[in-house]
Every structure is written in C-alpha cells, then in structure tokens.
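In: next come a sequence and a model predicted from it.
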Amino acid sequence: MEGAGGDAAGFNSGDFRKTLGAFATGVTVVTTSGEEHAYGMTANAFSSLSLDPPLVLVCIRSGAEGMDRITRNQVFAVNILAAHQEPISRYFASKTRPRGRDAFRDVSHRVGVTGSPIIDDVVAALDCRLYSVQEAGDHHILVGEVLALEVSDGVEPLVFHGGRYRVVQPDATE
C-alpha cells in the first residue's frame, strides 16, 4: 500500500477518486426541512455509526448548500434509494434542479417526524436529529441520532460502483 497524501505520496486526487470508486456504495438522498423550504441532495458517503444510541453519519462537502441547511435546521433524513430510483438520485444531484418551494414538486414524498421529507418507495429511511458535526478535510461529518426509521423488505437497492449506477441482482437460488 502506498502512503496517504497528495502528489508527494505518489498519487493524485484522480487516482484517489478512482480507487474509492472501486468500493460499491448505496445511494441516498439526504433531506431536511425547517422554517424555510425543504431541501434534498444525493449522497453516497453514508454509514451506520452506533447502535446505542442509534447513530448514523453522512459526509457533506464543506460550503455546500445542504451543509448549511442541515446545520440550520438541526434535522435530516437519509433516504436509501431503491433500484428503480436512479432518476431521483440524478434529480437531487443536478445543479439545475428546482430549488426553494419547488424542490420536491415532482418527487412523491411525505413528511417524517422531524419535518424532513421521506421519499416514497425507498428501500429504507432514517429520520434524524443532528447529534454532532466534525470538520474533516474538504467535508464535514454530520452525525445524526435516529428518531424514526422504516425499511421495505424485498426491495433491491440502487448501488454506485466504478462511476456508474448499478443494481444488485438477486441470488438465482432465492
């Protein structure tokens, strides 16, 4: 293994990004709402953190609108997308998507216990209160305490690997 770091370590940010792309991740849309309109953004840097208390984390680029919204609202929901929801992922990743009151106009959803949007037909959703924020490089790690959750059994997740969306294929023996 080569050491961590920039060009001095023998690799550049493109090499680092390509290497990280070898790790398959689930695809989520992180949502929030407060006194202003609801907001959503696609994110794949998501993980469980603790069972007691129930904590999850998401990583958001420093200075991103989503970072500002979540820290202001102090709540967020993580919507784990289903295989058929690639268009929703692309929508919330788009820089030209509608903002403000129209942000969820074309996205079927309901309001979770924190007021954050829960997208319909997702594999799972976790509705969270912001627990802590930690700066790390060019991102912030947002830890959420899970207040409510739901999961849909038998729904295949959307996956991102090698710079492309993928679908998990069910085992042929099932």
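Out: Yep, that arrived. Numbering: from 1, shown residues only.

In: which intervals of the chain have sub-threshold pLDDT?
Out: 1-9, 172-174 (pLDDT under 70).

In: try it again with 80
Out: 1-9, 20, 22-23, 168-174 (pLDDT under 80).

In: show me where it has strands.
Out: Using DSSP state E, the strands of the chain run over 25-26, 28-32, 39-43, 46-50, 55-61, 75-80, 109-111, 117-119, 124-136, 139-151, 158-161, 164-167.

In: these two touch, right, His109 and Ile118?
Out: Yes: judged on CB atoms under 8 Å, His109 makes contact with Ile118 at a distance of 6.0 Å. Heads up, the C-betas are built off the backbone N, CA and C, glycines and all.

In: list residues touching both of the two?
Out: Thr31 (CB atoms under 8 Å, 6 or more residues apart in numbering).

In: point out the one among the strands of the chain that comes closest to Arg101.
Out: Of all the strands of the chain, strand 39-43 sits nearest to Arg101, with 11.0 Å by CB to CB.

In: tell me the strands beside the closest one, with direction?
Out: As defined by DSSP bridges, the strand partners of strand 39-43 come to strand 28-32 (antiparallel).

In: ok and the partner strand relative to strand 55-61, angle-wise?
Out: 90 degrees (axes from the mean of the first three to the mean of the last three CA atoms, to 10 degrees).
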